[in-house]
Structure formats: structure tokens, C-alpha cells
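Undergrad: build me a model from this:
(one chain, ligands or ions: 1)
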Amino acid sequence: MEDRRANILAVSLLTALTTFIIICRVYLRLNKPFFLLLGASVAACLAVLAWISFRHRFNRRRKLLETKLVSEGRELRIEYSFLRKIAGVPTKFRQSELEDATDKFQSLIGQGASGSVFKGILSDGTPVAVKRINNGEERGDKEFRSEVSAIASVQHINLVRLLGYCVVQGGPKFLVYDFISNGSLANWIFPKSESSNRRCGGCLAWYLRYRVALDVAKALSYLHQDCRSRILHLDVKPENILLDDNFQAVVSDFGLSKLMGRDESRIITSMRGTRGYLAPEWLLENGVSEKSDIYSYGMVLLELVGGRRNVRLVKTENAGKSKTKWEYFPKIVNEKMKEGRLMEIVDPRLMEGGGVDEREVQKLVHVALWCTQERTGLRPSMNMVVDMLGGRAPVEEPPESPMIIVDLLGIDDEESDGSRARFCGVAPSQLSDRRIPSISSYSFSNAMSILSGR
Ligand SMILES: Nc1ncnc2c1ncn2[C@@H]1O[C@H](COP(=O)(O)OP(=O)(O)OP(=O)(O)O)[C@@H](O)[C@H]1O
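TA: Prediction:
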């Protein structure tokens, strides 16, 4: 367009000059001024033409350079995002991208202690779960940092993938994960009344429960044994185990996780986790280790087999009076094991449908009871659990565990609806002060002395 305009201008100038010369020659008959004028006009025309040609060449080179830069930039961006993807480095998203992806946070799929989770689709078609961490919550900030630092560096088929994050100055923070279509394990093992926020769910078949147990063990074994620094998850529970469209288990929610050096045997940290899954050593103020995850895993295994919460409030009738009392499933399991009637603890919905392998039930229960030993030294490593469940190592009958502390950590007098209270940053002394007066049947100090003698 600019070139055409330059050509028209040059032609017009030459036409004007020729007309001018003819007029001068015919009407003015001036020789000297005529040639002076002619010289000046030709010089002016040449200057204009030279300028136009220079501009023309300059523009052409600029355009060429721009096109080259754009295509190189695009190639670099593609290469960069490809490298990020294969290296698993999370992308930094803009808030507007996440608003577009989630249609302005329309579709809520879950709610946790630190924020809400929404379903979304990225511009390249990838389905995602976007966790919005509430603004201004110190706990939220901590969880955001823990999550990014722990999960950004790990890659495992049974761990949720953190695709990216978004930080808005003075605003909320976002974490973007792969969308795991079948929601949490809680929705698939507990009856509807015992799992809140139910979006999808049902009764998970036995063979899938066994596979989930193995998948979670592999994920934890990777975190504990195969990463540069040991990663302690510290909030293993059915709500944090998601199921993909093939019912493969994916461990999620690293908000409470901690890194532990390979040369450390335990770390001191504030109390974190969820009631019902907390290992007894949380009460001793001398640290936790990967064995605390193993304990929580054992508790999940029992729930997986029984299709019920480990701790729940039950109504009893006594002399016409209805009373409520806490029922503790691991103790029931222990008793049934002693009586040789393990099948009685299996989820009754599964027993109706059949397909439950008795040997597998025994294996899962034995592994669970090894994992939930109150003395950490007796609990197997997660590697060992993978071998036991995979049939590469024998599973011996576990010793009887006194299960004294479990009640202290599992029961909360203030909650009667079965909902789980979650700790983050609570000092153990705060918990014990609040709990002891209400636990009349056990002596707290007695329990502590048993635990200390591990
Ligand atoms: N990547 C995901 N894909 C699909 N659903 C997800 C994903 N992440 C989380 N969810 C859903 O959102 C729910 C809430 O997740 P979130 O991790 O925030 O909280 P939680 O684990 O339930 O509770 P808390 O954080 O208090 O322990 C989950 O239980 C699950 O149903």
C-alpha cells in the first residue's frame, strides 16, 4: 500500500515537472532562470525518489525481520512449552486465562479447608481442576507454597500433575491440576450419607479396591523412597485419593506436605492432618517421619475394606433410652481377626454382589494392621507394602496393637455429624489439653509412655 502511494507520488512529481518545463519554455522563454529552475527541480525530484526508494527498502527489510522474529518467537514458545511439559515444570497462568477456562468459576467440584476446586478447560482443550486458595489466609499461603514446592518436582502415574499456578498480587492464588474425572475415593467406598460434597460415586468393586490400595502404596513409596528429598504427604485420606476414568488411583492435595532430608530420621513440625488418620506419634512432640503417612495409609486400607469410616458415632438403645457412642472400626477388625471371622468386616454391599476374594481381604487387613502399629518401628516401609500387595513378599499375621492413642486422635466430641476435622499448624499440646478431660477410659500419660518406648 505504501509502495503504491510512493510510486504515484513519484509519477505525479515527474508529470508536474515536465508540465512546468513546457510552460516555462513556451510562455516565459527564459533561458538562465529556466535552467536554474530545471536543475533545482531535477535535484528535488531525485532526492524525493532516493528517499522513497530508501523508505521502500527499509520497510521491506523491517517487515521481513518482523515476520522472521514472529515465527522464531512462535517456534521458541512452542519449544519452551513442550520442554516445560516434558520436564513437568508448572506453567504460570494469567487470572484471565483461568477465568476463561472455568467460565468465571462456574462449576464447583469440591471444597476443602483452604479453598474451592472448579472444573475448567484450557484453551488447548485440556480439562483441568482449578483450586482457588482463599485470599488473606496465612494457612492458604503456606499450603500454596508447600504444594508447589513438593509436587512441582515429582512425576508419577499415581500422583496428580500440577499443570500450573497463578498468583495475583493482593488477590487469590490458584493451582491448576489435571482433571481427574471420577472424583475422590471417599465417594466410591462410603455410602452417600458418609461422604460429603458428592459429585459422582457408587460402590467400588472389590478388584478395583485392591488395585487402588496398590496404586496408593506405589505413589507413597515413590514419595518416600525415590525422590531426591523424602516427601511426606501428611494428609493421606480417601478424600485426597482421586480416581481417573479407568479407576486408577491418583494421590492429590500436597498442601500439608513436608520435605525431609535423606539423612534425617524424623522432622519436627506443627500438627497437621485429618482426625481419624493421624498417627499416634503426632502427640509426642519429638517428630514425625514417613511412618506417619504409612499409618494414615493403613487407616485408609481398613476403610477401603469395610466401606465405612474408622471412627463413627452410633446410636444404641439401652432400657428404652437411646444413646450415642463412638465406634472404632480398627478395634472391631482386631477382634474379628482373632476370632477368624474377617469376612464379617467387609463392606456389606460387596458381600451381596460377590466377587470378594477372601485371601485378598486377609492380605489387605494384615497389611493395614501392620501399618497402623502404634510403634513406628513395627510399621513396614511403603516399598515393603508394595511388595506384599503385589505378591512378592509374604504377609505375616500382625501383632495385636494396644490401640490406645487412636481414640485420642480419632474422636472429636464437638463433631457429631461424622465430618472430619482437619489440623494445620496445631501444637500437639493444644490438642491434648482439649482432648484429655473428655477421654475418661484412657490415661493420656499412660498412652504416652507406651508410645515413647518404641
Ligand atoms: N485434580 C482434581 N480433579 C478432580 N477433582 C478434584 C481434583 N482435585 C480436587 N478435586 C475434588 O475437589 C475436592 C476438594 O479438594 P481439596 O484438595 O481442596 O480438599 P479436600 O482434600 O477434600 O479437603 P482438605 O483440603 O480440607 O483436606 C476433592 O475431594 C475432589 O473431589
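
Undergrad: OK, contacts around residue 107?
TA: 118, 119, 120 (C-beta atoms under 8 Å, 6 or more residues apart in numbering). Where you see a C-beta, it was placed from the backbone N, CA and C, and this is true even at glycine.

Undergrad: ok, now residue 232?
TA: Counted by C-beta under 8 Å, 6+ apart, residue 232 has contacts 223, 224, 257, 258, 259, 260, 267, 288, 289, 290, 292, 293.

Undergrad: circling back to that earlier point, which one of the contacts of residue 107 sits closest to residue 73?
TA: residue 120 (26.9 Å; C-beta to C-beta).

Undergrad: the one helix or strand the closest one maps to - contacts with which helices or strands?
TA: Element membership for residue 120, per DSSP states H and E: strand 115-121. Applying 3 or more C-beta pairs under 8 Å, 6 or more residues apart in numbering; DSSP states H and E, one finds that strand 115-121 contacts helix 95-101, strand 108-111, strand 127-133.

Undergrad: winner for burial among these?
TA: strand 127-133 (a mean of 22; mean count of other C-beta atoms under 10 Å).

Undergrad: what residues does that one touch?
TA: Strand 127-133 is contacted by residues 98, 101-102, 105, 109, 112, 114-122, 140-141, 143-144, 163, 172-181 when judged by C-beta under 8 Å, 6+ apart.

Undergrad: any residue of that strand touching the ligand?
TA: Yes - between strand 127-133 and the ligand, judged by C-beta under 6 Å from any ligand atom, the touching residues are 129, 131.

Undergrad: and the helices in the stretch 101-250 of the chain?
TA: Along the stretch 101-250 of the chain, the segments classed as helices by DSSP state H, counting those that start in this stretch run 138-151, 186-189, 206-221.

Undergrad: got those as a markdown table, with mean pLDDT columns?
TA: A markdown table is the format used below for the helices of the stretch 101-250 of the chain (pLDDT from 0 to 100):
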| stretch | mean pLDDT |
| --- | --- |
| helix 138-151 | 72 |
| helix 186-189 | 94 |
| helix 206-221 | 97 |
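
Undergrad: buried deepest among those, which one?
TA: helix 186-189 comes out most buried of the helices of the stretch 101-250 of the chain by mean count of other C-beta under 10 Å, with a mean of 25.

Undergrad: do that one and the ligand meet at all?
TA: No - figure legend: helix 186-189 not in contact with the ligand (C-beta under 6 Å from any ligand atom); closest approach 6.9 Å.

Undergrad: show me how far that helix is from its chain's centre.
TA: 19 Å (C-alpha atoms, centre = their mean, to the nearest Å).

Undergrad: show me what from the chain comes close to the ligand.
TA: Counting by C-beta under 6 Å from any ligand atom, the chain sits next to the ligand at 109-114, 117, 129, 131, 160, 177-180, 183-184, 235, 239-240, 242, 252-253, 255, 422.
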